[in-house]
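**Q** make a model of this:
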Amino acid sequence: MIQINAPQIGPEEIEAVIKVMKSGTLTHGLGAGPMVTEFENSFAKSVKAKYAVAMNSGTAALHSALTTVGVKAGDEVILPSFTFVSTAEVVVMLGARPVFVDIEPDTYTVSPKAVERAITKKTKAIMPVDLYGLPADMHPIREIADEHGLKIVEDAAQAHGATYKGKPPGAFADAACWSFYGSKNMTTGEGGMLTTNNQEIAETPRYIRSHGEKQKYKSIMLGHNYHMPEIEAAIGCEQLKKLPKFVARRRKNAERLTQKLGKTRKLQLPTEPKGFKCSYYLYTVKLKNAGREKRDGVVEQLKQKGIGAFVFYVNPIHLMPYYRRFGRYKLPATEKASEQVFSLPVHPGITDKQVDFIAEALMHLVK
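**A** Just a heads-up that it's a prediction; the model follows:
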């Protein structure tokens, strides 16, 4: 089976883990061990941010970021429904209300116009999501936030190696949050990172990740156990060095797929608007003029051929049983995408021959 994503682990990561294990320092009381600190500094530099705070998951980073920018019970946070549930989950964890808005039909990222229409007196923050490796349209979202005095927490969990207007994710946000889950463009197994150019926003998450402690056994606020272990940070340092090559290969595979699949009009292929650079965490196509049943049939037939096609996200958050309590929404572009899109493997472990096989198999199925 050609997996939808596969971690690219080499001897460098293995040696880094062994080195940490031999050192005897596996973690740190305040979450700031030597490897975590090195990883934070290297990652901040790579995304041109002044500060980076390592966490044990991307969800922890999102939760800490929203807490830090002041989201609390009774507030509203605007976000897309077409994303992984953790984006909404952290809003609810703080007692705030997620307000779901629609996406752009071509990029699948949040619509700035829909964001602006959803603003109320209770709105505290906006959470754009860089979906499938493509950044959200951050410039107009930043203008909207500034006009209304709102904070932006950018969910960049899928966007390692992407750029927007020549800048990495986070450049137009108050904070950006990243995931290093095993499927991501670079991984630590689990893990996350919060990046920001604001010193105050960088300071509070360091307390949150360690039970609210400013120093050991001196909690100054409510916190959590969000430490990143030293072993994960060591893996992250090695993965970060390889990230440019990983992304270059993903883009090469995506370009080859686009060239092959461009021969049919039955598929809407990924778009990369001017000024955007996609890191192709996923290569997502839309089966035009089709419903959920036909799309699912194509995905199943691809799997039978050994191609790990997958549907992200088959159930938009606003239609999930738990999240219906936050309001009834009609999001046509979101709902249509959930019925028609599916993703194909383009990770760095895939060869040109495999890319051609994926393209040929899909072309045959949609004829």
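**Q** contacts, neighbours, all on C-alpha from now
**A** OK.
**Q** for Ser279, what are phi and psi?
**A** Main-chain torsions, Ser279, degrees, to the nearest 10: phi -90, psi 0.
**Q** got a list of what it touches?
**A** Listed by CA atoms under 8 Å, 6 or more residues apart in numbering, the contact set of Ser279 reads 132-134, 159-162, 247, 250-251.
**Q** state the distance from it to Leu267.
**A** From Ser279 across to Leu267, the span is 21 Å (CA to CA, to the nearest Å).
**Q** one more: Tyr164?
**A** Distance, Tyr164 to Leu267, by CA to CA: 25 Å.
**Q** ok, now His318?
**A** Distance, His318 to Leu267, using CA to CA: 26 Å.
**Q** equivalent analysis for Gln239, please.
**A** As judged by CA to CA, Gln239 and Leu267 stand 33 Å apart.
**Q** paired strands for the helix or strand bottoming out on mean pLDDT in the chain, with orientation please.
**A** Taking mean pLDDT, DSSP states H and E as the measure, the helix or strand of the chain with the lowest value is strand 213-215, at a mean of 93. Strand 213-215 has the following strand partners under DSSP bridges: strand 218-219 (antiparallel).
**Q** what about the strand it pairs with, average pLDDT?
**A** Taken as a whole, strand 218-219 has a mean pLDDT of 95.
**Q** what helices or strands is the following helix or strand past that strand leaning on?
**A** Remark: after strand 218-219, the chain's next helix or strand is helix 230-261, criterion DSSP states H and E. Contact analysis of helix 230-261 by 3 or more CA pairs under 8 Å, 6 or more residues apart in numbering; DSSP states H and E lists helix 11-23, helix 34-46, helix 352-366 as its packing neighbours.
**Q** and Gln239 and Leu267? which has more neighbours close in?
**A** More crowded of Gln239 and Leu267, by other CA atoms under 10 Å: Gln239, with 23 against 19.
**Q** in contact with that one, which residues?
**A** 13, 186-188 are the contacts of Gln239 under CA under 8 Å, 6+ apart.
**Q** and which of these is nearest to Pro105?
**A** Met186 (27.5 Å; CA to CA).
**Q** just say helix, strand or coil for the closest one.
**A** When classified by DSSP: H, G, I helix; E, B strand; the rest coil, Met186 comes out as coil.
**Q** pretty sure it contacts His160?
**A** Yes: assessed by CA atoms under 8 Å, Met186 is found in contact with His160 at 7.3 Å.
**Q** common neighbours of those two, please.
**A** Taking CA under 8 Å, 6+ apart as the criterion, Met186 and His160 both touch Leu243.
**Q** got a list of contacts for the helix or strand containing Ala54?
**A** Under the criterion of DSSP H and E, Ala54 resides in strand 51-55. Applying CA under 8 Å, 6+ apart, the contact partners of strand 51-55 are 36, 39-41, 43-44, 61, 191-199, 202, 205-206, 209, 226-228.
**Q** show me what contacts the residue nearest the centre of the chain?
**A** The structure's the chain has its C-alpha centroid closest to Ala157; by CA atoms, centre = their mean the separation is 2.2 Å. Residues near Ala157 by CA under 8 Å, 6+ apart: 58, 130, 177-180, 184.
**Q** so for it, what's the pLDDT?
**A** 98.
**Q** now swap in the one 10 residues further on and tell me
**A** At Lys167, the predicted lDDT confidence score is 98.
**Q** measure it to Gln239 for me?
**A** In terms of CA to CA, Lys167 sits 21 Å off from Gln239.
**Q** Gly161 now?
**A** 12 Å.
**Q** any idea how far Val92 is from Ile152?
**A** The gap separating Val92 from Ile152 is 17 Å, by CA to CA.
**Q** no no, Lys353
**A** Lys353 sits 42 Å away from Ile152 when distances are taken as CA to CA.
**Q** those two: who's more crowded?
**A** A count of neighbours by other CA under 10 Å puts Ile152 above the other of Lys353 and Ile152, at 26 against 9.
**Q** which elements pack onto the helix or strand hosting the more buried one?
**A** Element membership for Ile152, per DSSP H and E: strand 151-155. Judged by 3+ CA pairs under 8 Å, 6+ apart, strand 151-155 is in contact with helix 58-68, strand 123-126, helix 138-148, strand 175-179.
**Q** rounded mean pLDDT for the second one, please.
**A** Averaging pLDDT along strand 123-126 yields 98.
**Q** the contacts of Ala157: which two are farthest apart?
**A** Going by CA to CA, the pair spanning the contacts of Ala157 furthest: Asp130 and Phe180, at 14.6 Å.
**Q** circling back to that earlier point, pLDDT, neighbour count and distance to Lys288 added to the contacts of Ala157, as a markdown table?
**A** What follows is the contacts of Ala157, written out as a markdown table (pLDDT from 0 to 100; neighbours: other CA atoms under 10 Å; distance: CA to CA, whole Å):
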| residue | pLDDT | neighbour count | distance to Lys288 |
| --- | --- | --- | --- |
| Gly58 | 98 | 25 | 33 |
| Asp130 | 98 | 26 | 23 |
| Cys177 | 98 | 32 | 33 |
| Trp178 | 98 | 28 | 32 |
| Ser179 | 98 | 31 | 31 |
| Phe180 | 98 | 25 | 33 |
| Lys184 | 98 | 23 | 28 |
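**Q** closest to Ala49 among those?
**A** Among the contacts of Ala157, Cys177 lies closest to Ala49 (CA to CA), at 11.9 Å.
**Q** so the closest residue to the closest one other than its chain neighbours, which state does it fall into?
**A** Once flanking residues are discounted, Cys177 sits nearest to Leu194: 4.6 Å by CA to CA, 6 or more residues apart in numbering. Assigned by three-state DSSP, the conformation of Leu194 is strand.
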